[in-house]
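A.B. asks: the amino acid sequence is not available; the structure is as follows:
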């Protein structure tokens with residue numbers, strides 16, 4: 001539930017540290033409430049442990065442009081990459097602040113591009129890095145965790161790996177690049193695939209803190 005009058009500004013306390021899964025969910029609700037009519041949030045899927053995967057839509061519904069583009073931004077695929085979710089959330093807050101301040105460049109951008117943001121694709125793994133193992137990378141599939149980033153059905157799926165042979169032992173799981181038993185076997189990857197396909201997105205960018213881009217086909221094929 002959004003907190004009435006919550007401080008969602010880029011200069012507020014939220015961005016003074018890396019946040020937990022519940023705090024990120026609450027911030028998305030507060031950000032949407034503070035920018036009602038431009039921003040909205042919902043749960044777009046669930047993780048292997050049943051955690052919510054949230055999305056944030058930034059869209060100016062009054063746009064008069066008929067050839068509007070849709071871009072999906074995703075982060076938090078690798079659990080230990082805390083900078084990704086923080087970067088995306090800050091960017092969203094900054095754009096919404098500028099829109100509210102009638103920044104003409106940002107208003108033109110949001111009139112021509114609809115943003116669909118998935119700040120935390122792997123909530124279970126991310127939570128685990130906060131409570132147990134800071135360098136954990138994959139999801140929290142029991143016994144044989146899977147690198148969600150390598151779940152997508154591209155020509156590189158499982159390159160260099162045998163999908164029938166997951167890594168052995170705790171340290172191997174922590175560093176796991178195992179692609180899983182089949183493309184989209186993990187609910188996190190399947191949720192992204194279904195979401196991107198339903199949105200008919202024109203492009204997708206995955207944020208790892210340092211950046212990185214992929215075509216839509218790499219995520220939904």
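C.D. replies: Arrived safely. Quick caveat, the model's predicted, so the values are computed rather than measured.

A.B. asks: make it CA atoms for all contacts and neighbour counts henceforth
C.D. replies: Fine.

A.B. asks: ranges for the helices of this structure?
C.D. replies: According to DSSP state H, the chain carries its helices in the segments 21-34, 83-100, 104-112, 123-131, 170-174, 187-199, 217-220.

A.B. asks: need those helices in CSV (columns: distance to residue 69 and mean pLDDT).
C.D. replies: Converted to CSV, the helices of the chain look like this (distance: least, CA to CA, whole Å; pLDDT from 0 to 100):
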stretch, distance to residue 69, mean pLDDT
helix 21-34, 21, 97
helix 83-100, 17, 96
helix 104-112, 6, 92
helix 123-131, 28, 97
helix 170-174, 38, 61
helix 187-199, 11, 93
helix 217-220, 16, 58
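
A.B. asks: most tightly surrounded among those?
C.D. replies: Of all the helices of the chain, helix 123-131 has the most neighbours on average by mean count of other CA atoms under 10 Å, namely a mean of 21.

A.B. asks: which residues touch it?
C.D. replies: 20-21, 47-49, 51-53, 76, 78-80, 82, 134-140 (CA atoms under 8 Å, 6 or more residues apart in numbering).

A.B. asks: contacts only, for the closest residue to residue 9 other than its chain neighbours.
C.D. replies: In this structure, residue 9 finds its nearest non-sequential neighbour in residue 93, 6.6 Å apart by CA to CA, 6 or more residues apart in numbering. Residue 93 is in contact with 8, 9, 10, 31, counting by CA under 8 Å, 6+ apart.

A.B. asks: distance of residue 33 relative to residue 193?
C.D. replies: 28 Å (CA to CA, to the nearest Å).

A.B. asks: residue 25 now?
C.D. replies: From residue 25 to residue 193 the distance is 21 Å (CA to CA).

A.B. asks: same deal with residue 142?
C.D. replies: 22 Å.

A.B. asks: pretty sure residue 121 is in contact with residue 81, am I right?
C.D. replies: No. In this structure residue 121 lies outside contact range of residue 81 using CA atoms under 8 Å: 11.4 Å.

A.B. asks: between these two, tell me which one has more neighbours.
C.D. replies: Legend: neighbour count by other CA atoms under 10 Å for residue 121 and residue 81, higher for residue 121 (30 against 21).

A.B. asks: and the pLDDT at the more buried one?
C.D. replies: On the pLDDT scale, residue 121 is placed at 97.

A.B. asks: so what's it up against?
C.D. replies: Residue 121 neighbours (CA under 8 Å, 6+ apart): 53, 54, 74, 75, 76, 77, 188, 192.

A.B. asks: what is the nearest of these to residue 107?
C.D. replies: Nearest to residue 107 among these is residue 74, at 22.1 Å by CA to CA.

A.B. asks: let me see the contact set for the closest one.
C.D. replies: So residue 74 contacts 117, 118, 119, 120, 121, 204, 205, 206, 207 (CA under 8 Å, 6+ apart).

A.B. asks: residues near residue 142, how many?
C.D. replies: 9.

A.B. asks: that older thread, of the contacts of residue 93, grab the buried ones for PyMOL.
C.D. replies: To isolate the buried subset of those in PyMOL, counting by 16 or more other CA atoms under 10 Å, use the following:
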select buried, resi 8+9+10+31
